[in-house]
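K.L.:
Curious how this folds, go ahead:
(2 chains)
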Amino acid sequence: MSTETRALESVSALIDGEANDLDLARVLKAGDESENMRAYWQRQQQYRAVMRSGASAFSAVDVSAGVNAAISEDKPRFANPLVSMAVAASVTIAVVLGGQQALLFRDEPLQTVTAPGAVVQLPGTGAIQASFAQPTSPLPQPQAVSRAENGVDLKAEAAATRAFYNELAEERALSLGTVHQTTSTDVSISPFIARLAEPKVDQ
Amino acid sequence: MALGDGDDKLVKRAKKGDSRAFDLLVLKYQGRVAQLVGRYISNYAEAEDVTQEAFIKAFRALPNFRGDSAFYTWLYRIAANAAKNHLVAQGRRPSSDMALDDPESLEVPGRLRDNESPDEVIMGQQLESLISATIEGLPSELRAALTLREFEGLSYEEIAEVLECPIGTVRSRIFRAREAIDVKVAAQLQGNIG
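P.N.:
Alright, predicted model coming up:
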């Protein structure tokens, strides 16, 4: 049995509501490749109408070309949701990559937010303040005063505290950088170049 | 034989935006829809335009079709409304109103014969008698399979039980019967043209 004959037999089964998914796929594919299948379907529908109720003036009406022309303009409205998602994903990737590239190739240094805590500039993101800042610094001034009264070296204690916070900020910066690098590499379709600005901390 | 046989698969595909599937539904129902529209609008060209409009509206409304009724019932309702709206827009009143509870009742012969030209009547009658004669002349196993399907409305499985043969054989016989009709009609049309 030839491919076309098999397709026409599938048409016959589809007419009777006895077609399986393979039949349907075969019919639609055959319709793409040749006008014969479509014409066969149309003729068979006319024969059936005549068998059921006799011919009428409207048996010969054919509005399919006009309908097809009109609905072809509507197709985007019925686009596969996956296509829409793919477009949205492409736009997102383009924005992310664009941002990364812009950051990677700009001449001027990255603008970072300076604060007493560590500040990290990650490509593709805004500045991240890793840790403490002056307003939220837990340095307890009143206590320090009272401790100064007890002969404690306040300057040395402040320096030690600052060093501790710097270490903490550096740890967090490295951790964030690793997470960001891993995530970006997973979602990016182009090689990701990790870039991590050194935390700038006023000593 | 149910009018909506096989529509489910096509409607499902069409709802997903497959215009090829919708095209097959248009080819299947355009004659019947035009017949319905013709009950409201006697002018052939206008009826044809409204038929086209009805299918376009149906395609656009397809995402909202929930399948509570048969596809053709839903489609006929859209067509009837399109015809009525057309008449209202033209400042005319619908010439008839009809219940759409049983859309298959549309296929009552003779209702539209006013619109037909003598040539069309002859062509229609010729086609009708040609098909009947071809069916009569088919080998008995093909004729039995086709008539059980087309006139008795039996499923392939039921026909297979009646004829005591595999379903695949039923499918093949019905197809061969249809092909025979097609060949006869094509030959007749060629003879008329030539």
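K.L.:
Now do residue 102, the pLDDT please.
P.N.:
Using chain A. The per-residue pLDDT reported for residue A:102 equals 57.
K.L.:
try chain B instead
P.N.:
pLDDT at residue B:102 comes out at 49.
K.L.:
what do you get for residue A:71?
P.N.:
87.
K.L.:
Distance check, it against chain B.
P.N.:
Using Cβ to the nearest Cβ, to the nearest Å, one gets 5 Å for the distance from residue A:71 to chain B. For glycine as for every other residue, the C-beta is placed from the backbone atoms N, C-alpha and C.
K.L.:
Would you agree that residue is in contact with residue B:56?
P.N.:
Yes - with contact taken as Cβ atoms under 8 Å, residue A:71 and residue B:56 are classed as touching, separated by 6.4 Å.
K.L.:
Look at the most far-flung residue of chain B relative to its centre and give its secondary structure.
P.N.:
Distance from the C-alpha centroid of chain B peaks at residue B:91, with 30.8 Å (Cα atoms, centre = their mean). Three-state call for residue B:91 (DSSP: H, G, I helix; E, B strand; the rest coil): coil.
K.L.:
Give me the next element, helix or strand, following the lowest-mean-pLDDT helix or strand in chain B.
P.N.:
Counting by mean pLDDT, DSSP states H and E, chain B has its least confident helix or strand at helix B:118-137, which shows a mean of 78. Stepping forward along the backbone from helix B:118-137, the first helix or strand reached (DSSP states H and E) is helix B:140-150.
K.L.:
Buried residues, that following helix. List them.
P.N.:
Neighbour counts over helix B:140-150 (16 or more other Cβ atoms under 10 Å in any protein chain shown) mark B:142, B:143, B:144, B:145, B:146, B:147, B:148, B:149, B:150 as buried.
K.L.:
and the gap between the fourth one and chain A?
P.N.:
Distance check for residue B:145 against chain A: by Cβ to the nearest Cβ, it reads 11 Å.
K.L.:
from what I can see that residue touches residue B:159, true?
P.N.:
Yes - judged on Cβ under 8 Å, residue B:145 makes contact with residue B:159 at a distance of 5.9 Å.
K.L.:
any residues in contact with both of those two?
P.N.:
When contacts are counted by Cβ atoms under 8 Å, 6 or more residues apart in numbering or on different chains, residue B:145 and residue B:159 have residue B:170 as shared neighbours.
K.L.:
Any part of the longest helix along chain B near chain A?
P.N.:
In chain B, with assignment by DSSP state H, the single longest helix is helix B:167-193. Yes - residues of helix B:167-193 are located near chain A by Cβ under 8 Å from any Cβ of the partner chain, namely B:171, B:172, B:174, B:175, B:178, B:179, B:181, B:182, B:185.
K.L.:
Check those residues against chain A and report the nearest one.
P.N.:
Distances from the residues of helix B:167-193 next to chain A to chain A were compared by Cβ to the nearest Cβ; the smallest belongs to residue B:175, at 4.0 Å.
K.L.:
What is the strand or helix carrying residue A:170 packed up against?
P.N.:
Secondary-structure element containing residue A:170, defined by DSSP H and E: helix A:154-187. Applying 3 or more Cβ pairs under 8 Å, 6 or more residues apart in numbering or on different chains; DSSP states H and E, we find helix A:154-187 packed against helix A:81-105, strand A:119-121, helix A:141-149.
K.L.:
What ranges in chain A fall below the confidence cut-off?
P.N.:
Confidence mapping of chain A against pLDDT under 70 gives the ranges A:54-55, A:75-88, A:91, A:94-152, A:178-203.
K.L.:
Next, the buried residues of stretch B:11-24.
P.N.:
Result for stretch B:11-24 [16+ other Cβ under 10 Å]: buried residues B:11, B:13, B:14, B:15, B:17, B:18, B:19, B:20, B:21, B:22, B:23, B:24.
K.L.:
wait, residue A:41 sits on residue A:13?
P.N.:
No - counting by Cβ under 8 Å, residue A:13 is not a contact partner of residue A:41; they are 11.8 Å apart.
K.L.:
tell me the contacts of the nearest residue to residue A:58 once chain neighbours are set aside?
P.N.:
Nearest non-adjacent residue to residue A:58, counting by Cβ to Cβ, 6 or more residues apart in numbering or on different chains: residue B:34, 3.8 Å away. Under the criterion of Cβ under 8 Å, 6+ apart, the contact partners of residue B:34 comprise A:58, A:61, A:63, B:47, B:48, B:51.
K.L.:
Please narrow these to those residing in helices.
P.N.:
Among the contacts of residue B:34, the members found in helices (DSSP H) are B:47, B:48, B:51.
K.L.:
ok so, going back, pLDDT at the residue farthest from the centre of chain B, what is it?
P.N.:
At residue B:91, the pLDDT value in this model is 83.
K.L.:
quick one: residue B:20 and residue A:32 touch, right?
P.N.:
Yes - counting by Cβ under 8 Å, residue B:20 sits close enough to residue A:32 to count as a contact (7.0 Å).
K.L.:
closest point of chain B to chain A, which residue?
P.N.:
Nearest residue of chain B to chain A, counting by Cβ to the nearest Cβ: residue B:124, 2.7 Å away.
K.L.:
Let me know the distance separating that residue from residue A:1.
P.N.:
Applying Cβ to Cβ, to the nearest Å, one obtains 34 Å for the distance of residue B:124 from residue A:1.
K.L.:
same check, this time on residue A:93
P.N.:
The gap separating residue A:93 from residue A:1 is 48 Å, by Cβ to Cβ.
K.L.:
neighbour-wise, which of the two wins?
P.N.:
Counted by other Cβ atoms under 10 Å in any protein chain shown, residue A:93 and residue A:1 do not tie: residue A:93 has more neighbours, with 14 against 9.
K.L.:
And for residue A:5, the neighbour number?
P.N.:
Residues contacting residue A:5 under the criterion other Cβ under 10 Å number 11.
K.L.:
Show me what secondary structure element comes after the helix or strand where it lies.
P.N.:
For residue A:5, the element it lies in under DSSP H and E is helix A:3-15. Tracing the chain past helix A:3-15, the next element assigned as helix or strand by DSSP H and E is helix A:21-33.
K.L.:
Can you pull out the low-pLDDT segments for chain B?
P.N.:
For chain B, the stretches flagged by pLDDT under 70 are B:1-2, B:94-123, B:192-194.
K.L.:
Appreciated, that's everything.
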